[in-house]
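Asker: next comes the sequence, and after it the predicted model I'd like to discuss.
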Amino acid sequence: MTTTATDTAPLEPAADVQVQRWSLPSRIGSGAYIAAAVALALLPMWGDASLQLTMVEILYFLSLAQMWNLLAGYAGLVSVGQHGLVGVAAYTLMVLAERRGYDPFVAMVLAGVFVAALSIPIALFAFRLTGGYFAIGTWVIAEVLRLTTLQIDSLKAGNVQSLTPKKTFAGYELQQRVDYVYWAALALAVGATAIVIAVLRSKLGLALQAVRDDEPGARGLGVKVRRTKLIVWVIVAFWTGMTGAMIHLKSLTIVNTSSFDLLTYTALVIFIVVIGGVGSTAGPIIGVAIYWFITWQLEDSNTMRFIILGSMAVLVAVASRGGVNGLLQRIAPFELFPIRRRLRR
């Protein structure tokens, strides 16, 4: 057998290839987001009380929207029972802060921990369902949680519960209480966005999107589907629970029907994400901005606000499955945060 020069020639080394995360648009977008977060952190110094209260609502909706988007947009787990987590967190907060004397912000974190722990046995049942059955199942679970609180006599969930400032916020002055609740809302909103970015930049994020796009194929490639879903499910439950507790620190009132409100804490959140863009980090931010504008214009008409947001969600879903963010991407593609991987020589 003869050997040619081609056979014996050494292979040329492959060109150096690097995985690049950052791009110019993502640097600008991330910088703008950080600058906005810093400006909002200083809002008590330059804004008035009404703006501060309005921003608390906007920020907790952003936190809820980012978490639902992570669950539905990236994990493919379309839940319509997030209001159940908010309601459980509200009563957990009441027991810990009002009756046990815990610091309200410590109680807020512990409420999130309790909701996360409760979400694990719930997942054992919910994960047996798929597609529309999963969505309906999560709604049923939320109703079961609401009715369960009514059956626990010590909670007195059939009555209106109030968090008295003298007990819940013992040691906090009025303005200090208002400022701390606002900063908690800001931390939850910024933290929710940071969690989504961190997850998407990790191996967990790759596994999530693989499971969402083709679960049997992802399982065939070695992805542990159930564990991947459970990790994200618990993360979302924890953050949603903390957000739900913070909402009731602001209102100081717990009513069974409003704390477990499907329209406010699930339907409205879904509208926000669908309008902004499901499965995009910028989508919830755009959706919350649109929600704030509509609320500002129609603050005295809650019914009309729901009608407009619901109609917008339907129209946007028909025109672009990527929401407003998808429409903007068609005009001028941009990346708000560095989550994509690019190969560069």
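Answerer: Arrived safely.
Asker: can you give me the buried ones in stretch 317-330?
Answerer: Within stretch 317-330, the residues scored as buried using 16 or more other C-beta atoms under 10 Å are Ser320, Gly322, Gly323, Val324, Asn325, Gly326, Leu328, Gln329. Where you see a C-beta, it was placed from the backbone N, CA and C, and this is true even at glycine.
Asker: so which elements touch the host helix or strand of Val273?
Answerer: Taking DSSP states H and E as the criterion, Val273 maps to helix 268-276. For helix 268-276, the elements it packs on are helix 49-68, helix 283-297, helix 302-319, helix 323-331, judged by 3 or more C-beta pairs under 8 Å, 6 or more residues apart in numbering; DSSP states H and E.
Asker: can you list the ones you listed in JSON lines and add mean pLDDT and distance to Leu263?
Answerer: Listed next are the helices and strands packed on helix 268-276 as JSON lines, based on pLDDT from 0 to 100; distance: least, C-beta to C-beta, whole Å:
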{"stretch": "helix 49-68", "mean pLDDT": "92", "distance to Leu263": "13"}
{"stretch": "helix 283-297", "mean pLDDT": "88", "distance to Leu263": "14"}
{"stretch": "helix 302-319", "mean pLDDT": "82", "distance to Leu263": "7"}
{"stretch": "helix 323-331", "mean pLDDT": "84", "distance to Leu263": "20"}
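Asker: for those helices, which one sits closest to Phe337?
Answerer: helix 283-297 (9.9 Å; C-beta to C-beta).
Asker: can you dump the C-alpha atoms of that closest one in PDB for me?
Answerer: Extracted C-alpha coordinates of helix 283-297, given in PDB (Å, rounded to 0.1, in the frame of the first residue of the first chain):
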ATOM      1  CA  GLY A 283     -41.300  40.900  26.700                       C
ATOM      2  CA  PRO A 284     -42.500  41.300  30.400                       C
ATOM      3  CA  ILE A 285     -40.700  44.700  30.600                       C
ATOM      4  CA  ILE A 286     -42.500  45.900  27.500                       C
ATOM      5  CA  GLY A 287     -45.800  44.400  28.700                       C
ATOM      6  CA  VAL A 288     -45.500  46.100  32.100                       C
ATOM      7  CA  ALA A 289     -44.800  49.500  30.400                       C
ATOM      8  CA  ILE A 290     -47.900  49.100  28.300                       C
ATOM      9  CA  TYR A 291     -49.900  48.000  31.400                       C
ATOM     10  CA  TRP A 292     -48.700  51.100  33.300                       C
ATOM     11  CA  PHE A 293     -49.700  53.400  30.400                       C
ATOM     12  CA  ILE A 294     -53.200  52.000  30.200                       C
ATOM     13  CA  THR A 295     -53.600  52.100  34.000                       C
ATOM     14  CA  TRP A 296     -52.400  55.700  34.000                       C
ATOM     15  CA  GLN A 297     -55.000  56.600  31.400                       C
END
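Asker: give the contact list for the residue most central in space within the chain.
Answerer: The C-alpha lying nearest the average C-alpha coordinate of the chain belongs to Met67 (C-alpha atoms, centre = their mean; 1.8 Å). Contact analysis of Met67 by C-beta atoms under 8 Å, 6 or more residues apart in numbering lists Gln82, Ala192, Ile195, Val236, Trp239, Thr240, Thr243.
Asker: which of those sits closest to Ser26?
Answerer: Ile195 (17.5 Å).
Asker: test my guess that the closest one contacts Leu71.
Answerer: No: the criterion here is C-beta atoms under 8 Å, and Ile195 misses it with Leu71 at 11.5 Å.
Asker: show me which of these two is the more surrounded one.
Answerer: Remark: of Ile195 and Leu71, Leu71 carries more neighbours, 23 against 19, as counted by other C-beta atoms under 10 Å.
Asker: let me know the pLDDT of the nearest residue to Ile120 once chain neighbours are set aside.
Answerer: Distance criterion C-beta to C-beta, 6 or more residues apart in numbering; nearest residue to Ile120, sequence neighbours excluded, is Val234 at 6.5 Å. Here, the pLDDT recorded for Val234 equals 95.
Asker: cool, the one 10 residues further on as well?
Answerer: Confidence per residue is given as pLDDT, and for Gly244 that number is 95.
Asker: mind listing what it touches?
Answerer: So Gly244 contacts Leu85, Val86, Gly87, Val88, Ala89, Ala90, Ala111, Val115, Ser259, Tyr265 (C-beta under 8 Å, 6+ apart).
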